[in-house]
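*Asks:* Kindly return the folded structure for what I paste below:
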Amino acid sequence: MQVIPVEQVAAGIRAIDDTVLRGKVQKALHMLHRTLELYRLPDISLSFNGGKDSTVLLHLMRVALRPDLDLTLVQFPTHHQQLQELSIQEDQQQPPQQPRNIAQEQRQLAEHVAQQQQMLQDLQQCNKQQNGVSHSEQGLGGLSVFYFERADDFPEVREFVRETDIAYGLKTHFLTHHDFKAGLEEFLQEAGTAAIVLGTRRGDPNAEGQEYFCPSSAGWPPFMRINPILDWSYADVWGFLKACRLPYCCLYDHGYTSLGGVHNTLPNSALKKSDGTFAPAHALADGRLERSGRATKQRRSESLPSGGAASVTSSMSWVAGIVVIGDEILSGKVEDTNTPFLCKKLHDIGWTVCKVSFVPDDIAVIAKEVAALSSSCQAVVTSGGVGPTLDDVTMEGIAAAFGVDVIRHPDLEESLLHYFGDDTTPAHLKMADTPGDDTTRLIPVMADNGTLSPFPLVAVRNVFVLPGVPHLLRQKWSAVSAELQAAVQLAPFSNRVVRLAEEDEAAVAPLLDTLAQQWGSEMAIGSYPVSGQRDGARLLVTLESKQTDRLDAALEQFEDMLPTGTSAVL
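*Replies:* Have a look, this model is predicted:
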């Protein structure tokens, strides 16, 4: 890996011509300088996971530790400030501002640099006295860097972290604890960390309620979260990396825009080119699509089979099963409105529902039904049994179906702690329990107000777990739909309906048998007696297929076969 001198990073910052980004860089450096004033270097840790955001942070911290660097240009006003100043001038019809006093500005700048140099000297002396090692002999002057290794990390991410660690002498702590929360607590105690510098940005799943300086959530080890790039956009991140010519993980050059694990991350489909390859991440024009590649890749042998998202298939063999869970449904206390909704929505995106099962709040019964449908269907959707009370046992049932234990999911737990805050109870945290399968994934869900919901969709293998409350189920359906359509693009169903005055189904039964034999499984054929129709129809014959040419041919054949005296209602 090529080592980028910190002077080159500073030069890149000075060369940034985007006034908005320059203002954000200035603010981020101010946050880091303030952190260095509030905490001793040994009390600060930087979370470096190999992603683009933490890469930005690493190099910002390198710059912050060198206040002697010339960063004059980041002192310019932001674009918003410039517009505000122009607006005031126009409203007050003031004459042009007086010429700048360059000599005075230079004196102020020299005083500022002198103050920062003195601060650095003080910090270096402090470190030397406490650690017996000078600032310059350590990668970040005694500031700790840590990386949580996960079993499903991309090899490219691990390699980038290790190469960066060696290149910049970071002395990174590689943490392998299987429990994130326990591992973090252990690290903080050993390192004596009081503050962690993080790459959190608005829109991240765990960003809700966070500020630049933000204490850790209740129930977590005590430390201060410092988020210098909290208000940076996707474009800001890439603008900084490109302006400073900084190395980053190679996956970003192959269409990955947000890195999770190998089981839940794909290249972003918005970057797919006509030849099947992907443009680099910095080419993504709409930052709102940054996480579009997350939570769509699964172990194909154990989850959704791929039908090839690049092409549309007219097969009718893609089937889904539905499991409705709840004693209140079986007892008739609550009317089930979720099943009609799910059946219609699945049908709308080309899926065939082959079975709907209604089961009680019984772990063994849920496990048996989920296991059976998971093996016979390409997708399974469950409804109900995921709340905070003792009768909510769906997660336990699904875990039993796949022979795994229920675990407390650290990301979901953190999301719930953020949402409920000081009011968090053990009952709330029960909703963070998920099957401990290595395919378990959290899929982001947008709330009705357009923000990220603290309650993501949980999926395990080919099973999607939905709540039983109808409006919450409908809210999460869009995430299920996106997952299914990412796995395979199915052609929509088309249908033809023949309305007959004949009321005896037996009269048309032989005709339907003939059609079924000729057109096979790629066409669904049915008949339905009706009454009270304004046009006098007493029998409806329906033909449904994804191949309209065959559908029209079958319709013509059926009408030709109608016996004399059997008339179609026009």
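*Asks:* Tell me how far Ala28 lies from Gly209.
*Replies:* Here the distance between Ala28 and Gly209 works out to 20 Å (Cβ to Cβ, to the nearest Å). Every C-beta, even on glycine, is put in place using the N, C-alpha and C of the backbone.
*Asks:* Looking at the two, which is more packed in?
*Replies:* Ala28 (26 against 11; other Cβ atoms under 10 Å).
*Asks:* so how far is Ile398 from the more buried one?
*Replies:* 43 Å.
*Asks:* likewise Leu69?
*Replies:* From Leu69 to Ile398 the distance is 54 Å (Cβ to Cβ).
*Asks:* Looking at those two now, which is surrounded by more residues?
*Replies:* Ile398 (31 against 19).
*Asks:* Identify the residues contacting the more buried one.
*Replies:* Ile398 makes contacts with 366-367, 370, 382, 435, 460, 463, 465, as judged by Cβ atoms under 8 Å, 6 or more residues apart in numbering.
*Asks:* Swap in 7 Å and give it another go.
*Replies:* Shown in contact with Ile398 (Cβ atoms under 7 Å, 6 or more residues apart in numbering): 370, 435, 460, 463, 465.
*Asks:* Tell me if the last one really is in a helix.
*Replies:* Right, Val465. No: read with DSSP: H, G, I helix; E, B strand; the rest coil, Val465 is strand and lies in no helix.
*Asks:* count of residues packed around it?
*Replies:* The tally of other residues near Val465 (other Cβ under 10 Å) stands at 26.
*Asks:* now swap in the fourth one and tell me
*Replies:* Using other Cβ under 10 Å, Val463 is surrounded by 27 other residues.
*Asks:* Tell me the bridge partners for it.
*Replies:* Val380, Val460 (DSSP bridges).
*Asks:* Is it in contact with Gln378, as I believe?
*Replies:* No: Val463 is not in contact with Gln378 according to Cβ atoms under 7 Å; the separation is 11.2 Å.
*Asks:* quick one: contacts for the closest residue to Phe223 other than its chain neighbours?
*Replies:* Excluding its sequence neighbours, the residue lying closest to Phe223 (Cβ to Cβ, 6 or more residues apart in numbering) is Ser216, at 5.1 Å. With contacts defined as Cβ under 7 Å, 6+ apart, Ser216 is in contact with 222-223, 225.
*Asks:* mind running it again at 10 Å?
*Replies:* 184, 188, 196, 222-225, 414, 417 (Cβ atoms under 10 Å, 6 or more residues apart in numbering).
*Asks:* out of these, who's nearest Asp549?
*Replies:* For the contacts of Ser216, the residue nearest Asp549 by Cβ to Cβ is Glu414; the value is 53.1 Å.
*Asks:* Model confidence for the closest one, exactly?
*Replies:* Looking at Glu414, its pLDDT is 87.
*Asks:* what about the residue sitting nearest the centre point of the chain, distance to Thr382?
*Replies:* Nearest to the mean C-alpha position of the chain, counting by Cα atoms, centre = their mean, stands Pro444 at 4.5 Å. Separation of Pro444 from Thr382 (Cβ to Cβ): 19 Å.
*Asks:* In this structure, where is pLDDT below threshold?
*Replies:* By pLDDT under 70, the weakly predicted segments of the chain are 72-138, 263, 294-317, 564-570.
*Asks:* beta partners of the closest residue to Leu38 other than its chain neighbours?
*Replies:* Once flanking residues are discounted, Leu38 sits nearest to Ala195: 7.6 Å by Cβ to Cβ, 6+ apart. On the basis of DSSP bridges, Ala195 is bridged to Ile44, Met224.
*Asks:* Now do the same contact list for Ala195.
*Replies:* Applying Cβ under 10 Å, 6+ apart, the residues near Ala195 are 35, 38-40, 43-46, 143, 213, 223-226.
*Asks:* go on, Ala367?
*Replies:* Taking Cβ under 10 Å, 6+ apart, we find Ala367 in contact with 359, 393, 396-403.
*Asks:* ranking these by neighbours, who comes first?
*Replies:* Within these, neighbour counts (other Cβ under 10 Å) peak at Ile398, which reaches 31 neighbours.
*Asks:* so that one sits in a helix?
*Replies:* Yes: counting by three-state DSSP, Ile398 is part of a helix.
*Asks:* what's the spacing between it and Val319?
*Replies:* Relative to Val319, Ile398 is positioned 19 Å away (Cβ to Cβ).
*Asks:* again, but for Ser527
*Replies:* Between Ser527 and Val319 the computed distance is 22 Å (Cβ to Cβ).
*Asks:* What's the local residue count around Arg538?
*Replies:* Neighbour count of Arg538, defined by other Cβ under 10 Å: 17.
*Asks:* Now do the same contact list for it.
*Replies:* 499-505, 529-532, 569.
*Asks:* what's the answer for Ser258, then?
*Replies:* Taking Cβ under 10 Å, 6+ apart as the criterion, Ser258 is in contact with 51-53, 204, 234, 252, 265, 268, 281, 284, 289-295.
*Asks:* same question, Pro456
*Replies:* The contact partners of Pro456, taken as Cβ under 10 Å, 6+ apart, are 205, 295, 409, 411-412, 415, 441-445, 476, 479.
*Asks:* can you do 7 Å?
*Replies:* Contacts for Pro456 (Cβ under 7 Å, 6+ apart) come out as 205, 412, 442-445.
*Asks:* Show me those that map onto helices.
*Replies:* Per DSSP state H, helices hold the following members of the contacts of Pro456: Leu412.
*Asks:* ok, of the contacts of Pro456, which one's closest to Ala509?
*Replies:* For those, the nearest to Ala509 is Ile443 (45.5 Å; Cβ to Cβ).
*Asks:* Kindly confirm whether my reading is correct that that closest one touches Phe455.
*Replies:* No: counting by Cβ under 7 Å, Ile443 stays clear of Phe455, with 10.9 Å between them.
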